[in-house]
Each structure stands twice: as structure tokens, then as C-alpha cells.
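no FASTA, just this:
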């Protein structure tokens, strides 16, 4: 892959994740502060990601794989997305906000697969080349968080002035830029012939269900769904939690989680090869439990280091579980089920697991709401810490060490 194409794909990834990061991290704070949304409303808003993840395979499988060039669909989605972001900016209450957010996420979630497809189409050796391009997505997410904190939209003064609303205009503008830019990207024609018969089971990854006959894969699959419940607590509650505690520049500080993601992504192949799949997942699940304990006992003064360590553990939590899980799935799926197996894992985690997690996080946050509009955060964070430990014990007890644990080269 030549340098100009690498730069063009890297810019695409940067813009794609900048758009997402510019509103997603602070949405919980925005809804509570600007639209006076309740905890259940906030959990419903975050659930749109899961609905999008469940519907995404239909859009990709039906349209992108069959009829249209991927870069053109990407362009159209982001242009429509820019309009929806402006409507979200204009919303004055949650009931006027939610339908546009749901429409946006149903459109946005498939773009995560589209940017990958456009990238893979230009690569001779994706295993070596993809991470160099994909890392620019994480840098885009970090840049969005740092910009929001630099502009002080998430500061106590910014919140009292309602400045967090500007994140939607920022996202709309960058989405518009990406929408136009997408049409200049390298051509990525549809893979399947439009005349070929359409199999719903193939699109949803259901043909890969045969893999669940293997006990170890079934345990991994169940653990993946369950660990997404505590993950949802982080996405939904971390920004409101830090804001409520009075941590300044909280969005910029949360971007440290993505910085650690980059570092641990680079460390993962070495760790995976040396210690094997089972130990890598054990470390990841242990990190989940430790992170939430730090959140439970940290504060904005002398205990702020605990909050920062909790954020920095995001790289271990996310990369060591999800990326190693993708490698494990790929090595077990075989050629026939490679795509459908990854589709099945995505449906299970971002779809089912996160949906349960966002719902649970909303219910629990509401239960520990004090009269003053503040929360008993210690009690809230101890619950996902406990769930992480239970999932870890389940995994250690039933997942047997495999001879062929290491990824195939």
C-alpha cells in the first residue's frame, strides 16, 4: 500500500472516530445537565448504540456487500448524519432528542464496518498494515476529547452556561467534512453479486453458531456477553461521575483511556504469544474489577490518582479482551465462517451484552440517586466490579487450557 493511500485512509479513520468521540463521551453529562434527562433516559440514549449494532449487519449485508460502493454509502451516511447532528443540537427536551439519536446510531454503526472494508480493500497484508491506519481512529477520538476540554465546554463554568451543547455542532461539521471527503476515497465495489441469493443467517453470523458446540468457545462467547454489562457502566456513567465529583477537564482526562488503548494494542501480540489466550483474558477481566474498585474509592482531591489509574486501565480492559477475542474467534472459525463468526461476536457484545448493560446501569444509577440530584457513586461502581469478578470466576472455572492457544501465523 503506497503512502498517499495510507494517508488518505488514516485521515478517514481520524475523522470517523473524531465524529463519534466528539459527542459520545459527554452525552450522559449533556443529557443530565442540558435536557434534565433522568438516569433511565440516559441509559435509553446509550442503548441506541446496541440497536445500531443489531441492525448494522442488515445494512452492510443487504446494501454494501451487494449493490453500492462502500465509500459512496459512507459519504451519504455522514452527510445525513451531519443533518441529524444539527437536529440533536436543536432539541430542547429528551422526547425531541431521542428519535434523532436512534436514527443517527442506526446509520452510524454500519460505518464502523465500512471504514474497515474500504481499508482492507487497499491492503496486501492487512495483519501488518491495518493497525497503522486504525490507530488514527483512536487518535481522532483522543483529539475530540482534548478539544472539548481545551474549549472548557465540560468545565463547571461551561456546564452552567450550557456550552456542552456545542459538541453536536462540532460533530455535525466534522461529519459534513467526512461525508464530502468519502466520495474521494479509493473505490470499494460490492463483493457479492446482487443476483446471488441473500442468506439472513449468513448476514447475522448465525451460521457460526456451530462453533458453540466447542465448549471453550461457548464459555468465551458467554463471557463476552457478560463482560459487556460492566463495560456499559463505564461508557454510560464515567463522564457524569467525573463531572459530579468536580474533576476539571474530565473529557480530556478520559481521552487517556484511548492513549492507553494505543499502547496496550502494541503490547498485545507479545503478551498473547507469551502467555496464551486464557491468561490474556484473565488479566483483562481482573483489570475490569480493579478499575471499578478504583472508581468506587477515588475522589477529586487526594484520590484523583485512583480515578486516573481507572481510566488508564481502559487499554488493558478493552484490548486484552476484545482484540484478543477477535484473534481467538478468527483462529477457530476456519475460512468458511471467518466473517460470520466476527459478526456473531459483535452482535453478542455490542448488541445483546451492551443492551443489558446500559439498561442495568440506568436502573442502578437511578436506585442510588440522592434527593439532591447526586449519586452514591461508591455503591454504583461496586456492582460492575462484582459482576467482573463473577465473570472472571466463571471463565477460570470452565475454560480449559488449549494446546493451540497461540494465533496462527
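Yep, it's here. Predicted model, so just to flag it, every value in this text is computed and none were measured.

for the stretch 151-300 of the chain, what spans make up the helices?
For the stretch 151-300 of the chain, the helices defined by DSSP state H, counting those that start in this stretch occupy 156-160, 166-182, 200-203, 215-245, 250-254, 256-297.

deepest-packed of these, please.
Counting by mean count of other C-beta atoms under 10 Å, helix 250-254 has the highest mean neighbour count of the helices of the stretch 151-300 of the chain, with a mean of 24. For the C-beta atoms, the positions are set from N, CA and C on the backbone; glycine is no exception.

contacts for that helix, please.
25-26, 29, 145-146, 148-150, 153-154, 238-239, 242-243, 247, 307-308, 311 (C-beta atoms under 8 Å, 6 or more residues apart in numbering).

just the buried ones out of these, please.
25-26, 29, 145-146, 148-149, 153-154, 238-239, 242-243, 247, 307-308, 311 (16 or more other C-beta atoms under 10 Å).

now for the host helix or strand of residue 49, which elements pack on it?
Taking DSSP states H and E as the criterion, residue 49 maps to helix 39-59. On a contact count with 3 or more C-beta pairs under 8 Å, 6 or more residues apart in numbering; DSSP states H and E, helix 39-59 meets helix 27-34, helix 94-120, helix 215-245, helix 324-346, helix 354-367.

could you redo the last one with a cut-off of 6 Å?
helix 94-120, helix 354-367 (3 or more C-beta pairs under 6 Å, 6 or more residues apart in numbering; DSSP states H and E).

angle of the next helix or strand after the shortest one against helix 256-297?
Read it as helix 354-367. Toward the C-terminus, helix 354-367 is succeeded by helix 377-398 as the next helix or strand (DSSP H and E). Helix 377-398 runs at 110 degrees relative to helix 256-297, counting by axes from the mean of the first three to the mean of the last three C-alpha atoms, to 10 degrees.

which positions in helix 377-398 come out as buried?
Going by neighbour count (16+ other C-beta under 10 Å), the buried part of helix 377-398 is 377, 380-381, 383-385, 387-389, 391-392, 395.

so where is this structure shaky, pLDDT-wise?
Residue ranges of the chain with pLDDT under 70: 60-62, 64-65, 127, 191-207, 334-340, 403-409.

domain ranges for it?
Residue ranges for the domains of the chain, per automatic domain parsing: 1-189, 201-409.

and the shortest one, end to end?
If I follow you right, that is domain 1-189. Its start and end residues considered, domain 1-189 measures 18 Å (C-alpha to C-alpha, to the nearest Å).

going forward, count from 26.
All set: I'll call the first residue 26, so the last point we hit is now domain 26-214.

how far does it sit from its chain's centre?
Distance of domain 26-214 from its chain centroid, counting by C-alpha atoms, centre = their mean, to the nearest Å, is 11 Å.

same question, the longest one
Domain 226-434 has its C-alpha centroid displaced from the chain centroid by 10 Å (C-alpha atoms, centre = their mean).

which of the buried residues of helix 402-423 lies closest to residue 391?
For the buried residues of helix 402-423, the minimum distance to residue 391 (C-beta to C-beta) is 10.1 Å, reached by residue 405.

now do the contacts for that closest one.
Going by C-beta atoms under 6 Å, 6 or more residues apart in numbering, residue 405 touches 389-390, 393.

highest neighbour count among those?
In terms of neighbours by other C-beta atoms under 10 Å, the contacts of residue 405 top out with residue 390 at 24 neighbours.

quick check: it vs residue 151, distance?
With distances taken as C-beta to C-beta, to the nearest Å, residue 390 is found 40 Å from residue 151.

now the most centrally placed residue in the chain: phi and psi?
By C-alpha atoms, centre = their mean, the chain has its centre lying nearest to residue 375, at 7.7 Å. Phi and psi for residue 375, reported as degrees, to the nearest 10, are phi -70, psi -30.

also residue 271?
Phi and psi for residue 271, reported as degrees, to the nearest 10, are phi 90, psi 30.
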